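> whatever this is, show me its structure:
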Amino acid sequence: MKELQHLNKYFLKYKWRLVIGVLITIVAKIFLLFTPELIGSSIDIVNLYIQGEVTDIATVKKELLINIIYIIGAALITGVLTFFMRQTIINVSRFIEYDLKNEVYQHYQKLSLKFYKNNRTGDLMNRISEDVGRVRMYAGPAIMYSINTFTLFVIVIVFMYKQAPLLTLYTIIPLPILSFIIYKLSKEIHKRSTVVQQYLSHLSSSTQESFSGISIIKAYGLENETSSNFSELSETSKQKQLSLVKVNAFFFPMMILLIGISNLIVIYVGGIQYMEGTISLGVITKFIIYVNMLTWPVATVGWVTSIVQQAEASQKRINEFLKIIPEITNPIETPSDIIGDIEFKNVHFTYNDTNIEALKGVSFKLAHGKTLAIIGKTGSGKSTILDLIGRLYDIEKGELLIDNTPIYTLNLTSLRDSIGYVPQDAFLFSDSIKNNIKFGKEDATDEEVIQAAKYAQVHKNILGFNKGYDTVLGERGITLSGGQKQRISIARAIVKDPKILLFDDSLSAVDTETEEKILNHLHTIAKGKTTIIVSHRVSSVKNADQIIVLDDGKIVQSGTHNKLIDMDGYYRSLYLKQLSESNK
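As a prediction, this is how the structure comes out:
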């Protein structure tokens, strides 16, 4: 139960609802016990009439009629109270499920990119859905039935002991055996539940990857192989599930067997005591009803134990992620006023997951309102610079200053709110085109959205769709071409009207004519904004105030376009190569 202690804060939050639920449960069980008492009383009255001790049949009928009315009334009250008990306790479990999912989701958002590189999406989804769902079963049904069982046991045993102490002791003989069986099986359930959840995560991850990469699977004709791999994984998962089910299957028959033994004890021992005149026939009848009233609660002990063990295994998996301390944290709650001056001072950075040293002593200074272009070979560290400015990673050596202030001392929300970022791989959500653009500015007007789309040279394309800006895109924008996705991503950054604009090779999928139109608009948009453009094309960077050339994480050239084309080096050779290609 150690892992499930994480939920104690939620139980404390909803303590009054739980207290009310417990009180309703106790009252409901008290009314439930009226039934065997009344039936036992009725049996005794009939038995006395049969034995001739009571001769007035009218009195017997009257007593029986009153008992029947009381039984019906007690049953109705018990039913109503049971309804409110479920409404109270089960609702608490739904509240806890809601809170826990939000806690996990909020924590996911705080974790760094390194975390997402090391964990598969399917596993993340399984923990926030399947695992939280199993924990909810513990917070609701398991607790409800545990309270129900405990309350009924205590009240029934007290009632039984008051009426026939010796018979009660004989009746509860099977309980120690039950406790031992539960203890042994619970350990095995916990172990197998953990394995089951792990395989469910593997299944989710495999399915998610297959759907995301369906175009590659089809292009390479790997449908059969992918299906075969999934079937193999499904079969293994099924066997793990069956392994858990086999253990769970022991519980219910074992509970029924023990209850049956208790019934036999009541009949045998109670019969002997009745013949000796120690107890009445009505007491034996009540004991049989009591024992059978315990059948379902006792049977649920196994079910509840299984739920608790599965919840423990799931909560352990959830806690594994919740215990991860975010590498990037917000140092202050006070908002920071961002102007846009950027300075790198001998910055070094290495990716921990791959041990690749991306930047090796990079230094440059960019005043707000100016444009910097970064060019270089693939893997030279261009995108890393943009990631560091957005503080998606923290530098390991050197200084990164924003407005002459170390970046790690700025309010993280203020910093990222001041940045409009267009990634190399444009990501669009399964939502309307309008909402995808408004993702950059939630309260943007339709006019602002349209103007941003015009600046990004995608307005005419959008109007060509059946529903225009209300067209809903497929997952990750799969219904659009690469160039259209990039331009909508650019419009998203433009509509935000940020202090800092970052473009990570975001024009690679558009033709040169469209590129030229977008760059002309950007020249107007970028006025007063700090702009950094990463590109492989000289045409995208030639108008920048400053250009730096990266090679293997180091700045090998810097200057203006005119200065660099007059110097021997990578920039000049790239310029001449692309110039000759455009003239063909």
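> mind pulling up the pLDDT for I547?
We have a pLDDT of 92 for I547.
> any stretches of the stretch 201-350 of the chain with poor pLDDT?
Within the stretch 201-350 of the chain, the ranges that satisfy pLDDT under 70 run 212, 215, 220, 251-252, 295-299, 302.
> all helices for it, in order.
Taking DSSP state H, counting those that start in this stretch as the test, the helices found in the stretch 201-350 of the chain are 214-219, 223-248, 251-275, 281-293, 295-322.
> out of those, which is closest to T25?
Nearest to T25, of all these, is helix 295-322, at 11.5 Å by C-beta to C-beta. In this view, the C-beta of every residue, glycine as well, is placed from N, C-alpha and C.
> check the offset of the closest one from the chain's centre.
Offset of helix 295-322 from its chain centre (C-alpha atoms, centre = their mean, to the nearest Å): 18 Å.
> now do the contacts for I395.
Taking C-beta atoms under 8 Å, 6 or more residues apart in numbering, we find I395 in contact with 347-349, 388.
> now the buried members of those.
Buried members of the contacts of I395, counted by 16 or more other C-beta atoms under 10 Å: 347, 349, 388.
> quick check: pLDDT value at the last one.
Right, the one you point to is L388. pLDDT for L388: 92.
> quick one: secondary structure of it?
At L388 the chain is in helix, as set by DSSP: H, G, I helix; E, B strand; the rest coil.
> returning to that earlier point: of the helices of the stretch 201-350 of the chain, which is nearest N562?
Checked against C-beta to C-beta, the stretch from the helices of the stretch 201-350 of the chain lying closest is helix 214-219, at 43.4 Å.
> list the buried residues of the closest one.
Residues I217 are the ones in helix 214-219 that count as buried (16+ other C-beta under 10 Å).
> contacts for it?
Here helix 214-219 makes contact (C-beta under 8 Å, 6+ apart) with 210, 222-223, 226.
> OK, contacts around the residue nearest the centre of the chain?
Centroid-nearest residue in the chain, with C-alpha atoms, centre = their mean: I128, separated by 2.0 Å. Neighbour list for I128: 101, 104-105, 108 [criterion: C-beta under 8 Å, 6+ apart].
> at 10 Å what do you get?
For I128, the contacting residues are 100-105, 107-108, 318, 321, by C-beta atoms under 10 Å, 6 or more residues apart in numbering.
> buried among these? Make that a PyMOL selection.
In PyMOL syntax, the buried subset of these is picked out as below (16+ other C-beta under 10 Å):
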select buried, resi 100+101+103+104+107+108+318+321
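> okay, the contacts of I128 in TSV with distance to T55 next?
Listed next are the contacts of I128 as TSV, based on distance: C-beta to C-beta, whole Å:
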residue	distance to T55
L100	67
K101	69
N102	71
E103	72
V104	73
Y105	75
H107	77
Y108	79
I318	70
F321	77
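> just the ones in strands from the contacts of I128, please.
If you go by DSSP state E, these have nothing in strands.
> between all of the contacts of I128, which two are separated the most?
The two members of the contacts of I128 with the most space between them (C-beta to C-beta) are N102 and F321, at 14.1 Å.
> any idea how far the nearest residue to R17 once chain neighbours are set aside is from K15?
In space, and not counting its chain neighbours, R17 is closest to V92: 5.1 Å by C-beta to C-beta, 6 or more residues apart in numbering. Separation of V92 from K15 (C-beta to C-beta, to the nearest Å) stands at 9 Å.
> more neighbours, the two?
Each of V92 and K15 has its neighbours counted (other C-beta atoms under 10 Å); V92 has more, 23 against 11.
> which of the contacts of helix 214-219 count as buried?
Buried among the contacts of helix 214-219 by 16+ other C-beta under 10 Å: 210, 226.
> what is the burial count for L480?
Other residues within reach of L480, judged by other C-beta under 10 Å, total 23.
> ok, L574 to F429 distance?
Relative to F429, L574 is positioned 35 Å away (C-beta to C-beta).
> neighbour count winner among the two?
Just comparing L574 and F429: by other C-beta under 10 Å the higher neighbour count belongs to L574, 19 against 13.
> okay, the angle between the host helix or strand of Q198 and helix 251-275?
Element membership for Q198 (DSSP states H and E) is helix 174-212. With axes from the mean of the first three to the mean of the last three C-alpha atoms, to 10 degrees as the basis, helix 174-212 and helix 251-275 are set at 160 degrees to each other.
> name the residues of stretch 278-295 that are buried.
279-291, 293-295.
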